[in-house]
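> Let's see this in three dimensions:
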Amino acid sequence: MQPTALIAEDEPLLAAALQQELARAWPGLAIAATVGDGLSAVREALRLMPDVMFFDIRMPGQSGLDAAVELADAWDTGARPFPALVFVTAYDQYAVQAFEAQAVDYLLKPVQPGRLDRTVHKLRQALQQRASPALEQTLAQLRELVQAPGVGGAAPSPAAPRLDVIQAGSGAQIHFVPVAEVLYFEAADKYVRVLTAEHEYLIRTPLKELAAQLDPAAFWQVHRGTLVRADAIAAAVRDEAGRLHLQLRGRPERLAVSRLYAHRFKGM
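Numbers count the residues shown, from 1 in each chain. The predicted structure follows:
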């Protein structure tokens, strides 16, 4: 059966160049689709179920890494093995170090034929042995990359001071919300929702920036857009499809746990 690949690259000339080089290096590889943003990459990958994914790291709307995380969360493991991932990036020493540390394959822009040949050799071997990384191994790699400077996180900087109080504006008022009262934070479009047992506030601080100022032992990331106070978790419940949801003390709603962070609840 002919192997297939999907290319996610927002620059048409670079996408065309990669496709041309792949045709030379791997004539038997069929390019199932080429898309220009992360959301389209996830949608088309779930529809086409390719054997290999080439993700540009920097794309509008959603980065290649975020798209890979979302794809891993939505992938039907019973239908087909999770694809082998190759990230394409402009040179960044932190990104390169992170990819190499996690043994995740990557290509630097502009793609060089010799480097692509080595990547193709690794991919062909993996597909021949049907040894493309198991989903759990891929998730472990992605977890590290999400936090790595130059890939998912920012470049190293002095440690941010811990937040004790959240300032949330509402009209002419500014509410001072003790972090000790917050049960969870949730990204929502251009805002972050701040939920206590009785109130909801909106702030503009990005979730990643906020997370860097919170105690990671106190607030757990359980989804790409959700940070939860660990001691507010009453129970973790699996639904019929095997998906985890959290029940919190003091809130009626359930919060979804993505596959990327399900390892926190291995006892389930």
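> drop to CA atoms for contacts and neighbour counts, all remaining ones
Fine.
> Let me see the ranges of the strands in the stretch 51-200 of the chain.
Taking DSSP state E, counting those that start in this stretch to define them, one finds strands in the stretch 51-200 of the chain at 52-56, 84-89, 105-108, 165-170, 173-178, 184-188, 191-195, 200-203.
> My read is that Ile203 contacts Val194, right?
Yes - counting by C-alpha atoms under 8 Å, Val194 is a contact partner of Ile203 at 7.4 Å.
> neighbour-wise, which of these two wins?
More crowded of Ile203 and Val194, by other C-alpha atoms under 10 Å: Val194, with 22 against 19.
> List the beta-bridge partners for the more buried one.
With DSSP bridges applied, Val194 shows beta-bridge pairing to Phe185, Tyr201.
> in terms of contact, does it touch Arg204 like I think?
No - Val194 is not in contact with Arg204 according to C-alpha under 8 Å; the separation is 10.5 Å.
> Please work out which of the strands of the stretch 51-200 of the chain is packed deepest.
Among the strands of the stretch 51-200 of the chain, the stretch with the highest mean neighbour count (mean count of other C-alpha atoms under 10 Å) is strand 52-56, at a mean of 26.
> how far off strand 84-89 does it point, in degrees?
20 degrees (axes from the mean of the first three to the mean of the last three C-alpha atoms, to 10 degrees).
> And the contacts of strand 52-56?
Outside of strand 52-56, the residues within contact range by C-alpha atoms under 8 Å, 6 or more residues apart in numbering are 4-10, 63-65, 68, 83-89, 123.
> same check, this time on stretch 222-239
Contacting residues not belonging to stretch 222-239 are listed as 66, 182-188, 207, 211, 217-221, 244-250, 256-258, 260-262, 265, 268 [C-alpha under 8 Å, 6+ apart].
> which of those count as buried?
66, 182-187, 207, 211, 219-221, 244-248, 256-258, 260-262 (16 or more other C-alpha atoms under 10 Å).
> Convert the C-alpha atoms of the longest helix that the chain contains to PDB, please.
Looking across the chain with DSSP state H, the single longest helix is helix 113-128. The C-alpha trace of helix 113-128 is given here as PDB (Å, rounded to 0.1, in the frame of the first residue of the first chain):
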ATOM      1  CA  PRO A 113      18.400  17.600   0.000                       C
ATOM      2  CA  GLY A 114      21.000  15.700   2.100                       C
ATOM      3  CA  ARG A 115      19.100  16.400   5.300                       C
ATOM      4  CA  LEU A 116      15.800  15.400   3.800                       C
ATOM      5  CA  ASP A 117      17.300  12.200   2.500                       C
ATOM      6  CA  ARG A 118      18.300  11.200   6.000                       C
ATOM      7  CA  THR A 119      14.700  12.000   7.200                       C
ATOM      8  CA  VAL A 120      13.200   9.900   4.400                       C
ATOM      9  CA  HIS A 121      15.500   7.000   5.200                       C
ATOM     10  CA  LYS A 122      14.300   7.000   8.900                       C
ATOM     11  CA  LEU A 123      10.600   7.300   7.800                       C
ATOM     12  CA  ARG A 124      10.800   4.500   5.300                       C
ATOM     13  CA  GLN A 125      12.400   2.200   7.800                       C
ATOM     14  CA  ALA A 126       9.800   3.000  10.400                       C
ATOM     15  CA  LEU A 127       6.900   2.400   8.000                       C
ATOM     16  CA  GLN A 128       8.400  -0.800   6.600                       C
END
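> returning to what we had before: so which of the buried ones among the contacts of stretch 222-239 are in helices?
If you go by DSSP H, those have 66, 207, 211 in helices.
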